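Q: Quick one, fold the following:
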Amino acid sequence: MSQLPAPTFALAPFDNPAADVVLRCRDGVHFRVRSAILLEASPVFAELLAALPCGGATDIQEGPTFEGMPMVVIAEDSDAIDPLLRLCYPTADPVLVDLKDIRPVLAAAIKYQMEEASAVLKKMLLSFLEEQPLRVWAYACLLHLEEEARAAASALLGKELPTKGPEEFHEVSAGDYYRLTKFLRSKGAVEESFTFLKAGSAAAEPPPSKSSTAKPWHCTRELGFTSLPYADIICRSSDGQEFRAHRITLLLASPLLRDGITALCPEAVSGPPPPDALPVLQMGVEGVFLGPLLDMCYAERPPSVYEWHSIYGIVGMMVAARHFGFADILLRLRCGPYLILADRQPLLGYLLAAQLRFPDIAKSRASEMRHDVYESYGYHPEMERTPAHAYHHLLMHRRRSRVLVAAQAAKVGRPAPPPASDTKIQTMAGLRSADGHPWVQGVVRAYADKLGDADTTRDLYRIQPDYEQLLSDSLANKIWCQRCEHNVRLLTDTRHAWKKIRDELFRNDLAFESGGAL
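A: Below is the predicted model:
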């Protein structure tokens, strides 16, 4: 067997030459250990050691060895194995001062089924409950520890979650975070079958991936690519489908493809290649996405992607369009079929945009969602594949929006106090009142209620005040004094004059078109 690189040795007591087996970590550190201790501490190591040949007694070796001793190559780093072995050896227990230090050690203890070490490490994990319950919950989820996750969630009851989540939220799933939210909102009164680590719903449609060959995306018909004559290049998908296209069309659609096409198709001296010898451009994307994507490169073709009923297919095309630099196609997909489908499934549209790193799209989707995301949209299986930070960020954003709307709505109809120098109260139609005319009070109260109920940005646009109508209504309700009424009528007449001029010009334009001058 070829000699391994010069080893690095672990610190005592794992440098004892009297040991009978060597553990080689991923970072190249060698631990000389006693097999008897490993056999007692771990049934997994017991199986591994039982499968190793005995060293030194024969010239034939059937596995890696070191200094005549059998060697077990393990996937963990020495930073995790050193404290784990110290928990098994008759030495002082290691001191782990940060949650980050506990995680890899406890993960290794669970992997190698070291029950005693796992119990000690779980106690260390829970010792951080008082100061960092949210991070303890996150690590419990990452390590699949149901009891510890429940203990941490219970410690969070009555506490407000921070606006900025811990960095572990990039690893914990949004599904785990949804279940935590459910537990906290119900104040711990959840059903008996409730668990933190298992979703209660069936798996969702799988997200688009380059390696998958399945086609779970539903559409009214198979969307593909219609070949046109005089093709001069073949675009081959990752699953072997071939699409005959035109170099100039691809280059116009994406400058990023220039180098690949140029390398395949140097300037020919004797004209275009024969049809049976067209150059092949490997695209690295599944045909289910590549076909309709290439179809969209040809401007005269109708966008058949609108017939795709699954948002997964559209998002798959968007990922491919971004990869190839099809900027115009990406914009068309985003503003067309994606927008339509995301409006039907707001939470899923946001989760996919956040998961596949479309931050601007995720931001725009978040602003269109209702304030109470948990109650309004509930659970979606795609949460299990989305990082918790995306869902947490959405919840915090909508919560802040709700607070801002409520604060501003509460100020409507409450005028600021007049300056100290003002001793006279303004009058409105002879009514001496700092609160305004009763009709105005009614309008303001009704509008304040509408503002308080506004749940999305679109709601705000729908309830935008119609000041022209308000002025007309105020004249009809006789709320102005004689001088003010005259001024208000002048303002409304200005608006009416603008509308009359607009309408006359529009009718004149129609007469020009119908007169056959063009």
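
Q: going forward, measure contacts and count neighbours with C-alpha atoms only.
A: Noted.

Q: The helix or strand hosting Ala446: which residues count as buried?
A: Following DSSP states H and E, the helix or strand that holds Ala446 is helix 438-453. For helix 438-453, burial by neighbour count (16 or more other CA atoms under 10 Å) applies to Val440, Val444, Tyr447, Ala448, Lys450, Leu451, Gly452.

Q: got the CA coordinates for that helix in PDB?
A: Extracted as PDB, the C-alpha positions of helix 438-453 are listed here (Å, rounded to 0.1, in the frame of the first residue of the first chain):
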ATOM      1  CA  PRO A 438     -69.200  66.000  11.900                       C
ATOM      2  CA  TRP A 439     -69.300  65.000   8.300                       C
ATOM      3  CA  VAL A 440     -65.500  65.200   8.100                       C
ATOM      4  CA  GLN A 441     -65.200  63.300  11.400                       C
ATOM      5  CA  GLY A 442     -67.200  60.500   9.900                       C
ATOM      6  CA  VAL A 443     -65.100  60.400   6.700                       C
ATOM      7  CA  VAL A 444     -61.900  60.400   8.700                       C
ATOM      8  CA  ARG A 445     -63.100  57.600  11.000                       C
ATOM      9  CA  ALA A 446     -64.200  55.400   8.100                       C
ATOM     10  CA  TYR A 447     -60.800  55.900   6.400                       C
ATOM     11  CA  ALA A 448     -58.900  55.200   9.600                       C
ATOM     12  CA  ASP A 449     -60.700  51.900   9.800                       C
ATOM     13  CA  LYS A 450     -59.800  51.100   6.200                       C
ATOM     14  CA  LEU A 451     -56.100  51.900   6.900                       C
ATOM     15  CA  GLY A 452     -56.100  49.800  10.000                       C
ATOM     16  CA  ASP A 453     -57.400  46.800   8.000                       C
END
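
Q: what about Pro505, neighbour count?
A: Let me fix one detail, which is that residue 505 is Leu and not Pro. 12 (other CA atoms under 10 Å).

Q: before we move on, what about Cys484?
A: Applying other CA under 10 Å, I find that Cys484 has 13 neighbouring residues.

Q: From Leu475, how far off is it?
A: Per CA to CA, to the nearest Å, Cys484 is found 10 Å from Leu475.

Q: low-scoring stretches of the stretch 1-150 of the chain, by residue?
A: 1-6, 53-63 (pLDDT under 70).

Q: For it, just list every one of the strands.
A: If DSSP state E, counting those that start in this stretch is used as the criterion, the strands of the stretch 1-150 of the chain fall at 8-9, 21-24, 29-33, 65-66, 69-73.

Q: Equivalent analysis for the stretch 251-400 of the chain, please.
A: Along the stretch 251-400 of the chain, counting by DSSP E, counting those that start in this stretch, strands occupy 280-282.

Q: could you pull out the helices for it?
A: Assigned by DSSP state H, counting those that start in this stretch, the helices in the stretch 251-400 of the chain fall at 258-264, 287-295, 311-324, 327-333, 339-344, 346-355, 359-367, 373-377, 388-411.

Q: May I see these organised as a markdown table, with distance to Pro43 and mean pLDDT added?
A: Shown next, in a markdown table, are these (distance: least, CA to CA, whole Å; pLDDT from 0 to 100):
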| stretch | distance to Pro43 | mean pLDDT |
| --- | --- | --- |
| helix 258-264 | 53 | 80 |
| helix 287-295 | 47 | 88 |
| helix 311-324 | 44 | 92 |
| helix 327-333 | 53 | 92 |
| helix 339-344 | 50 | 91 |
| helix 346-355 | 39 | 95 |
| helix 359-367 | 46 | 90 |
| helix 373-377 | 44 | 91 |
| helix 388-411 | 35 | 85 |
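
Q: quick one: which of those is nearest Arg458?
A: The minimum distance between Arg458 and these falls on helix 359-367, with 8.8 Å, by CA to CA.

Q: Buried residues, the closest one. List them.
A: Neighbour counts using 16+ other CA under 10 Å place Ile361, Ala362, Arg365, Ala366, Ser367 of helix 359-367 among the buried residues.

Q: returning to that earlier point: just the buried residues of helix 438-453 now: which is nearest Phe326?
A: Leu451 (40.9 Å).

Q: my guess is that closest one meets Ala407, correct?
A: No - applying CA atoms under 8 Å as the test, Leu451 and Ala407 come out as separate, 10.1 Å apart.

Q: Show me which of the buried residues of helix 359-367 is closest to Phe183.
A: Using CA to CA, Ala366 comes nearest to Phe183 of the buried residues of helix 359-367, at 23.5 Å.

Q: and the closest residue to Leu351 other than its chain neighbours, what is it in contact with?
A: Leaving aside its chain neighbours, Leu351 sits nearest to Thr386 (6.5 Å; criterion: CA to CA, 6 or more residues apart in numbering). For Thr386, the contacting residues are Ser173, Ala174, Gly175, Leu351, Leu352, Ala354, Gln355, by CA atoms under 8 Å, 6 or more residues apart in numbering.

Q: Give me the distance between the second one and Leu38.
A: Right, Ala174. Counting by CA to CA - Ala174 and Leu38 are separated by 38 Å.

Q: of those two, who's got more company?
A: Each of Ala174 and Leu38 has its neighbours counted (other CA under 10 Å); Ala174 has more, 26 against 20.

Q: How far does the longest helix seen in the chain sit from its chain's centre?
A: Ranked by residue count and defined by DSSP state H, the top helix of the chain is helix 482-514. Relative to the centre of its chain, helix 482-514 is centred 49 Å away, using CA atoms, centre = their mean, to the nearest Å.

Q: Begin at 99 from now on, thanks
A: With 99 as the first residue, the last one maps to helix 580-612.

Q: what's it packed up against?
A: Other helices and strands packing on helix 580-612, by 3 or more CA pairs under 8 Å, 6 or more residues apart in numbering; DSSP states H and E, are helix 565-574.

Q: quick one: buried residues of the helix it packs on?
A: Applying a neighbour-count criterion of 16+ other CA under 10 Å, one finds Leu569, Ser572, Leu573 buried in helix 565-574.

Q: what comes into contact with that helix?
A: Applying CA under 8 Å, 6+ apart, the contact partners of helix 565-574 are Trp578, Glu583, Val586, Arg587, Thr590, Arg593.

Q: and the fifth one, what is it in contact with?
A: With contacts defined as CA under 8 Å, 6+ apart, Thr590 is in contact with Glu566, Leu569, Ser570.

Q: quick revisit: Met212: which of the helices of the stretch 349-498 of the chain is closest?
A: Counting by CA to CA, Met212 lies closest to helix 486-509 out of the helices of the stretch 349-498 of the chain; the figure is 29.8 Å.

Q: how far is the closest one from where the chain is centred?
A: 18 Å.

Q: Equivalent analysis for stretch 476-489, please.
A: 7 Å.

Q: same check, this time on stretch 326-341
A: That offset, for stretch 326-341, works out to 33 Å (CA atoms, centre = their mean).
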